[in-house]
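In: My questions concern the predicted model and sequence given below.
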Amino acid sequence: MKRRTQLHLDPDQYRWLKRRAGERGSIAGVVRELIDDARSRPVGTADDPLVRFLVEDPPAAGGRNPAVSDLDWDVYGA
């Protein structure tokens, strides 16, 4: 079962969708295609410094100094 929805777009977003729809068929089809493309990509956390810190060297693992005062250094290296 498909659901009907409504979007509010700014003029530039609408123009971009109209141009793309001209190539592909309809605005709704473009929106569905963009959603499907986004859903098919894996959600990557490797680029998130906080996640990387918590996974690679969690504070409970007894790293350098798990104090809150060192959190910026541990997470961002600065």
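Out: Structure's in. What do you need?
In: Show me the helices in this structure, by range?
Out: Secondary structure of the chain by DSSP state H: the helices cover 11-24, 27-40, 49-56, 71-76.
In: Which one, of those helices, ends up nearest to residue 2?
Out: helix 27-40 (9.4 Å; C-beta to C-beta). (Glycine included, C-beta is placed from N, CA and C.)
In: Can you mark which positions in the closest one are buried?
Out: 27, 30 (16 or more other C-beta atoms under 10 Å).
In: wait, residue 31 sits on residue 13?
Out: No - taking contacts as C-beta atoms under 8 Å, residue 31 lies outside contact range of residue 13: 10.7 Å.
In: sorry, back to before: kindly present the helices of the chain as a markdown table, with separate columns for distance to residue 1 and mean pLDDT.
Out: As requested, the helices of the chain are arranged in a markdown table below (distance: least, C-beta to C-beta, whole Å; pLDDT from 0 to 100):
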| stretch | distance to residue 1 | mean pLDDT |
| --- | --- | --- |
| helix 11-24 | 24 | 90 |
| helix 27-40 | 15 | 89 |
| helix 49-56 | 36 | 71 |
| helix 71-76 | 44 | 67 |
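In: I appreciate the help and will end here.
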